[in-house]
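K.L.:
sequence plus the predicted model coming up.
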Amino acid sequence: MSENKGFKYSILASGSTGNSFYLETPEKKIIVDAGLSGKKIETLMGEIGRDIHDVDTLLITHEHSDHIKGMGVLARKYGMDVYANEQTWEEIERKNMVGKIDPLQKHIFEMGKMLTFGDIDIESFGVSHDAVAPQFYRFMKDNKSFVLLTDTGYVSDRMRGIIENADGYLMESNHEVEMLRNGPYPWSTKQRILSDQGHLSNEDGAAAALNVLGNKTKRIFLGHLSLHNNIKELAHLTMDGYLQQHDVDTKREVHVIDTSHEHASKLYDI
């Protein structure tokens with residue numbers, strides 16, 4: 001029965017222009033965040049040989065548009081049940097950000113709680129970001145786990161205790177600090193990104209990864225790269241080099257993997 005162990009996942013898209021993550025078990029097919037158009041997410045699902053009509057659950061991390069752009073379409077067109085915490089729902093509805101969603105499809109996933117979806121357990125945890133109540137997720141099944149962690153200004157000891165020693169991570173590597181400082185953004189935006197409620201830099205993401213990885217960890221995906229303030233090769237070199245400096249074998253033990261804002265990763269087994 002080995003085919004029922006663990007789960008499969010794909011980073012459908014990750015970057016400052018839009019984010020979406022897919023996972024499946026024998027019983028559940030789940031999307032986390034819909035920061036692209038419904039049509040684009042359907043196309044990305046096709047890239048990994050999956051039909052978006054089979055997905056029945058959508059989890060939301062926070063209300064920023066690069067995480068909820070297609071949320072209303074996925075709920076209305078594909079009939080997905082949508083989960084977010086209460087404050088995030090209130091903010092989305094107050095600003096009418098995604099249009100009307102059937103109340104029967106709207107569900108609360110409280111921060112700091114664990115819910116079971118079919119045969120997988122999912123734990124939410126709060127992060128430090130300039131949204132009303134941002135939360136990310138750890139997915140657990142058959143003693144395997146995967147953690148999504150982007151959109152945070154820093155990784156606290158509390159967060160580290162929740163997410164340490166997962167089999168895989170999507171870890172934020174949003175910007176290279178000097179590129180951001182010298183880049184085209186207004187100073188107020190640069191300050192926001194660099195703050196404790198902003199985004200992890202390449203260096204911050206590498207340090208966070210080192211702090212949480214354990215003997216089970218096999219993959220670290222580089223997530224939420226800025227189009228204007230980062231270069232994929234630079235993010236990769238920073239993470240890879242930092243881990244190697246601290247005696248982590250990135251050739252055979254822990255693999256550093258790039259993601260794309262345009263194309264889905266392959267479907268990985270965990």
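P.N.:
Looks like it came in fine.
K.L.:
low-confidence regions, this protein specifically.
P.N.:
For the chain, applying pLDDT under 70 flags the ranges 1-4.
K.L.:
distance of the residue most central in space within it from Val32?
P.N.:
Nearest to the geometric centre of the chain sits Leu148, at 4.1 Å (CA atoms, centre = their mean). The gap separating Leu148 from Val32 is 6 Å, by CB to CB, to the nearest Å. From N, CA and C alone the C-beta is placed, and that goes for glycine too.
K.L.:
which residues are in contact with each of the two?
P.N.:
Residues touching both Leu148 and Val32 (CB atoms under 8 Å, 6 or more residues apart in numbering) are 21, 61, 137.
K.L.:
only whichever of the residues you listed are buried, select them in PyMOL.
P.N.:
To isolate the buried ones among those in PyMOL, judged by 16 or more other CB atoms under 10 Å, type:
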select buried, resi 21+61+137
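K.L.:
from the shared contacts of Leu148 and Val32, which ones fall inside strands?
P.N.:
The strands, defined by DSSP state E, take in 21, 137 from the shared contacts of Leu148 and Val32.
K.L.:
follow-up on the earlier one: which residues touch the residue nearest to the centre of the chain?
P.N.:
Contacts of Leu148 (CB under 8 Å, 6+ apart): 21, 32, 61, 136-138, 170, 223.
K.L.:
related to what we said a few turns ago, as CSV, the shared contacts of Leu148 and Val32 with distance to Lys113 would be great.
P.N.:
Putting the shared contacts of Leu148 and Val32 into CSV (distance: CB to CB, whole Å) gives the following:
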residue, distance to Lys113
Phe21, 19
Thr61, 14
Tyr137, 11
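K.L.:
and which of the shared contacts of Leu148 and Val32 is nearest to Asn143?
P.N.:
Using CB to CB, Tyr137 comes nearest to Asn143 of the shared contacts of Leu148 and Val32, at 17.5 Å.
K.L.:
what are the buried residues along the helix ranked longest in the chain?
P.N.:
Secondary structure of the chain read by DSSP state H shows that its longest helix is helix 232-245. For helix 232-245, the neighbour count (16+ other CB under 10 Å) marks 235-236, 238-240, 242-243 as buried.
K.L.:
cool, and stretch 130-150?
P.N.:
130-141, 144-150.
K.L.:
among those, name the ones in helices.
P.N.:
Using DSSP H, no member of those falls within helices.
K.L.:
among those, which ones are in strands?
P.N.:
Residues of the buried residues of stretch 130-150 located in strands (DSSP E): 135-141, 144-149.
K.L.:
out of the residues you listed, which is nearest to Phe7?
P.N.:
Of all those, Lys141 has the smallest distance to Phe7: 5.2 Å, by CB to CB.
K.L.:
sweet, I'm off.
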